[in-house]
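Asks: Dropping the sequence and predicted coords here.
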Amino acid sequence: MIDNERDTALAEAIALREAGSVEEARARLVPLVERYPGDAQVAYQAAWAHDVLGLEREAVPFYEWALIGDGLPAEDRLGAFLGLGSTYRAFGAHDKAVAILQRGLTEFPDDPGLTTFLAMALYNAGDPKTAVESLLHVIATTSTHPHLTPYRKALTLYATDLDATHP
């Protein structure tokens, strides 16, 4: 169902945020979330505005609502997983960060951003081996640096088992 009032208000808030008027955008988005409580796009934009302003703790419920709501485009859903996971990690909620980032990877397998933030959360949660293996996988699959590409096969091997040795 098309709601022109909602669409206009959301577009104006996004334009304000993109223009650098983030506080004004946030001031418009909070009541919009209250008016459209199940709207994932509105919740995501509210989370983003809070995050940009350094209000990470306040952003958490908006990220959570965005991920349980309906209608969030894939790119924004990916952003919500990254935002929520990185925020949890920054607050020391490492197990929550690992869980949300792993959930994100079930929807977006091999996303290098999710994998990288998951590696940091795994490190903080006490699993440095898996963290390094994850980072090696990202490097092996995304790097085009001429000093690394010749070693892609070795990096891929160690990404699956960092402790592997060869006689």
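Replies: That came through fine.
Asks: quick one: buried residues of the lowest-mean-pLDDT helix or strand in the chain?
Replies: Lowest mean confidence among the helices and strands of the chain (mean pLDDT, DSSP states H and E): helix 152-160, at a mean of 89. Using 16 or more other CB atoms under 10 Å as the test for burial, helix 152-160 gives L155, Y158, A159. C-betas here are computed from N, CA, C, even on glycine.
Asks: Grab the longest helix from this structure for me.
Replies: Counting residues, the longest helix found in the chain (DSSP state H) is helix 74-90.
Asks: D110: what's it in contact with?
Replies: T141 (CB atoms under 8 Å, 6 or more residues apart in numbering).
Asks: On the three-state scheme, it is what?
Replies: State at D110, reduced to three classes by DSSP: H, G, I helix; E, B strand; the rest coil: coil.
Asks: Which other helices and strands does the longest helix of the chain contact?
Replies: helix 40-52, helix 56-68, helix 94-107, helix 112-124 (3 or more CB pairs under 8 Å, 6 or more residues apart in numbering; DSSP states H and E).
Asks: Highest mean neighbour count across those helices, which stretch is it?
Replies: Across the helices and strands packed on helix 74-90, the average number of neighbours (mean count of other CB atoms under 10 Å) peaks for helix 40-52, which reaches a mean of 24.
Asks: How about the residue nearest to the spatial centre of the chain, nearest residue that isn't a chain neighbour?
Replies: In the chain, the residue lying closest to the centroid (CA atoms, centre = their mean) is L82, at 0.8 Å. Leaving aside its sequence neighbours, L82 sits nearest to G113 (CB to CB, 6 or more residues apart in numbering; 5.6 Å).
Asks: Next one, pLDDT for the one you found please.
Replies: The per-residue pLDDT reported for G113 equals 97.
Asks: Same check on P167?
Replies: P167 is given a pLDDT of 66.
Asks: and the residue nearest to R103 when sequence neighbours are not counted, how many residues sit next to it?
Replies: Sequence neighbours aside, F81 is the residue nearest to R103 in space, at 6.9 Å (criterion: CB to CB, 6+ apart). A count of neighbours around F81, defined by other CB atoms under 10 Å, yields 27.
Asks: Give the full set of residues in contact with F81.
Replies: Contacts of F81 (CB under 8 Å, 6+ apart): L67, I100, L101, R103, G104, E107, F108, L114.
Asks: roughly how far apart are it and E107?
Replies: 7 Å (CB to CB, to the nearest Å).
Asks: tell me the phi and psi of the nearest residue to D39 once chain neighbours are set aside?
Replies: Among residues not flanking D39 along the chain, G69 sits closest, at 6.0 Å (CB to CB, 6+ apart). Phi and psi for G69, reported as degrees, to the nearest 10, are phi -80, psi -180.
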